[in-house]
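Enquirer: This is a predicted model, with the sequence first.
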Amino acid sequence: MYSQKQKLSLFLLPKQTANKSSMEEMIRRYGPLAPKRYRYSELKKMTSSFKNKLGEGGYGTVFRGSLQDGCGVAVKLLKGSKGNVDEFLNEVISIGRTSHVNIVGLLGFCLEGPKRALVYEYMANGSLEKYIYLENSDLVIEWEKLQQIAVGIARGLEYLHQGCSARIIHFDIKPQNILLNQDFCPKIADFGLAKLCHLKDSILSTAEARGTIGFIAPEVFSRGFGVVSTKSDVYSYGMMLLEMVGGRVNKERENTENSSDAYFPNWIYDNIAEQVQSCEVICDLEEDMRKMTLVGLW
């Protein structure tokens, strides 16, 4: 039995060594462009043993932390990280090479056995979600600022789709994944579902549906509606604009008896006048609301 274990270890060791060598080569190839690599022990230290949880999603848990110089960071521990190491590193390095005022900054990563994490810049005002829904009326921001945020998100998407060396399709554009800094400048975050493709490619092949119900484009979960491309992100952006205008969660309409009434764009279109009146906004802002609604419907 000892002999069998010895043979097995001899078989696995070269494979593990090769994987590690491949990983180190990828990091070395990108040189100073690669995000900083942290040890897991360093993540524990910067987050005080993951003491302050900022949020949790389907793909990981985010903790507040700080670097040695006092700079605030958000550390996201990924769940179920058993995928391809090269693919993980490709995404980390590609996203790390992005530089845009409307894309959250990736400062570093951790890849230590099964432990994988991402270190992002800390965003003081959290996600857009808590500022647009009526139940958080104390936090709802004015329409002029909301329009600025919408434009900023659009600029960030345009950069991901056309301004990077590799085209990045996000696949999960929604209010929860838009973070706001201390000046309420929006930054697209959470690239856990993102896919990379060459700039010359306009169509992406995916094996599975990805995204969030209510924002996911029809062609992403059924090829009968068309092909998956950057337009899939544009659809999600449009649905998010309607959320921003309506201040309602899409799923609240699911229990409506008439299915056509439950379709959120129809509900927005039919109720925009009532929304404008209830907000008692001036004419210029009323026009801004209508523009945002029309762009969302388009």
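Expert: Happy to help now that I have it.
Enquirer: List the contacts of the closest residue to residue 178 other than its chain neighbours.
Expert: In space, not counting the residues next to it along the chain, residue 178 is nearest to residue 128; the distance is 4.1 Å by Cβ to Cβ, 6 or more residues apart in numbering. From N, CA and C alone the C-beta is placed, and that goes for glycine too. By Cβ atoms under 8 Å, 6 or more residues apart in numbering, residue 128 lies in contact with 149, 175-176, 178-180, 186, 244.
Enquirer: Max pairwise distance over those: which two?
Expert: Checking the contacts of residue 128 against each other with Cβ to Cβ, the farthest-apart pair comes out as 179 and 244, at 15.0 Å.
Enquirer: Checking residue 165 next. Helix, strand or coil?
Expert: coil (DSSP: H, G, I helix; E, B strand; the rest coil).
Enquirer: Now it: phi and psi?
Expert: Phi and psi for residue 165, reported as degrees, to the nearest 10, are phi -70, psi -30.
Enquirer: Let the chain start at 22 from now.
Expert: Shifting the count to begin at 22 puts that one at residue 186.
Enquirer: That one - how many residues pack around it?
Expert: Taking other Cβ atoms under 10 Å as the neighbour definition, residue 186 ends up with a count of 11.
Enquirer: For residue 115, see how far away it is.
Expert: Relative to residue 115, residue 186 is positioned 8 Å away (criterion: Cβ to Cβ, to the nearest Å).
Enquirer: Same check on residue 318?
Expert: Applying Cβ to Cβ, one obtains 33 Å for the distance of residue 318 from residue 115.
Enquirer: same question, residue 67
Expert: The spacing between residue 67 and residue 115, counted by Cβ to Cβ, is 24 Å.
Enquirer: What of residue 266?
Expert: Residue 266 sits 33 Å away from residue 115, going by Cβ to Cβ.
Enquirer: Between those two, tell me which one has more neighbours.
Expert: The residue with more neighbours, out of residue 266 and residue 115 and counting by other Cβ under 10 Å, is residue 266; that gives 26 against 18.
Enquirer: Please verify my assumption that residue 81 contacts residue 100.
Expert: Yes. Look at residue 81 against residue 100 with Cβ atoms under 8 Å: they come within range, at 5.4 Å.
Enquirer: Next, count neighbours for residue 317.
Expert: Neighbour count for residue 317, taken as other Cβ under 10 Å: 22.
Enquirer: Confirm for me that it is in contact with residue 256.
Expert: No. Using Cβ under 8 Å, residue 317 is not in contact with residue 256, being 10.2 Å away.
Enquirer: And residue 81 and residue 100? Which one has more around it.
Expert: The residue with more neighbours, out of residue 81 and residue 100 and counting by other Cβ under 10 Å, is residue 81; that gives 20 against 13.
Enquirer: List the beta-bridge partners for the more buried one.
Expert: With DSSP bridges applied, the residues forming beta bridges to residue 81 are residue 78, residue 99.
Enquirer: can you pull the contacts of it?
Expert: Contact criterion Cβ under 8 Å, 6+ apart gives 97-100, 138-139, 213 as the residues in contact with residue 81.
Enquirer: Tell me the buried residues within those.
Expert: Neighbour counting with 16 or more other Cβ atoms under 10 Å marks 97-99, 138-139, 213 as buried within the contacts of residue 81.
Enquirer: can you list the domains in this protein?
Expert: When the chain is parsed into structural domains using automatic domain parsing, the resulting residue ranges are 39-142, 149-318.
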